[in-house]
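Participant: Let me see the structure of the following:
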Amino acid sequence: MGHHHHGHSHGHSHSHGHGHSHSHAHTGNKKALLLSFILITSFMIVEVIGGIMTNSLALLSDAGHMLSDAAALGLSFFAIKLGERKASASKTYGYKRFEIIAALLNGITLILISLYIFFEAYQRFFNPPEVQSGGMLVISTIGLLVNILAAWILMRGDKDENLNVRSAFLHVIGDMLGSVGAIIAALLMILFGWGIADPIASVIVALLIIISGFRVTKESLHILMEGSPAHIEMESVRAALTKIPGVLEIHDIHVWSITSGMPMLSCHIVIGEESVHDTILHDAQSILHDDFGIDHSTIQVEKGAYGCPNHHGSCN
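Facilitator: Residues are numbered from 1 along each chain as shown. Prediction:
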């Protein structure tokens, strides 16, 4: 009758086969992320200094975009690192939650950076200052090469497996656009003396930054508010579980995520008098695992007669 917690034996039995190869990819990912993080961060510092020295807003905004990148890479690396730390008695989910809090701070920072760039660009549209376009061209070209290198390093990690690596890879691609923008702006200023190219390029990059800032902020807030994961349709989970033979009803169903890509579920299942508790529990966990990718579930199974004083919905 009691609470049957976690058919974990089931959840993990799937992973024994490929345990070994997985750890290799794991260290590969960690190295790739750390390396590109160091690369991008150090060049971001170069770009900030260069932007101030050459007086180029496009370089500064590209550096802002690189910050969003460095943050994404750093977070992904950190997530893998922290994921290795075991859960403790006081932090029962390990440190996976920290990733989300860091992502939230990252998102807010990005929004602030892009607002600053918009404000600064607005000033520059009216009186374009002198920009040392030569130095700007050199720095933005090196920036493009650094991004290509980082993208290549991440390509070699297994970006199909790991969501973190894939998102970091996409960030770096976005970063390339920022550098390309700065290169074009510098060329326009050298060839045609269009001072206005600098603020235009910076606005385009600032748009990219604010979009990713909003997205990160929104997603991390959703997770922190225990919202249900976007890809899991609550009603179809309920329907799938109700279809198990012997199940009368499902109530108190909750789906939330600890960190992105780690969904959790808890629910009560009311079963008929003759139904076998363990069979139903096993079926329920198989369905959750196979159809919805939920490995962590806490399911309370109750016999119809005892489950609710009157089970016409008073339990819901």
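Participant: and Thr298, helix, strand or coil?
Facilitator: The three-state label given to Thr298 by DSSP: H, G, I helix; E, B strand; the rest coil is strand.
Participant: Find the nearest non-adjacent residue to it, please.
Facilitator: By the measure of CB to CB, 6 or more residues apart in numbering, the closest residue to Thr298 outside its immediate chain neighbours is Ser266, 4.4 Å from it. Yep, even glycine has a C-beta here, placed from its N, CA and C like the rest.
Participant: okay, and for the stretch 201-316 of the chain, where does confidence drop off?
Facilitator: Low-confidence regions of the stretch 201-316 of the chain, defined by pLDDT under 70, span residues 305-316.
Participant: Mind jotting down where the helices sit in it?
Facilitator: Taking DSSP state H, counting those that start in this stretch to define them, one finds helices in the stretch 201-316 of the chain at 234-242, 277-292, 304-307.
Participant: Could you dump these into TSV and include distance to Ile211?
Facilitator: TSV is the format used below for the helices of the stretch 201-316 of the chain (distance: least, CB to CB, whole Å):
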stretch	distance to Ile211
helix 234-242	28
helix 277-292	29
helix 304-307	48
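Participant: quick one, which of the ones you listed is packed in tightest?
Facilitator: For the helices of the stretch 201-316 of the chain, ranked by mean neighbour count under the definition mean count of other CB atoms under 10 Å, the leader is helix 277-292 at a mean of 17.
Participant: by contact count, what packs against that one?
Facilitator: Contacts of helix 277-292 with other secondary structure elements, assessed using 3 or more CB pairs under 8 Å, 6 or more residues apart in numbering; DSSP states H and E, are made with helix 8-13, helix 234-242, strand 263-271, strand 296-303.
Participant: Let me see the contact set for the closest residue to Cys267 other than its chain neighbours.
Facilitator: Beyond its immediate neighbours in the sequence, the residue positioned closest to Cys267 (CB to CB, 6+ apart) is Ile253, lying 4.0 Å away. By CB atoms under 8 Å, 6 or more residues apart in numbering, the contact list for Ile253 reads Met234, Val237, Arg238, Leu241, Leu265, Ser266, Cys267, His268.
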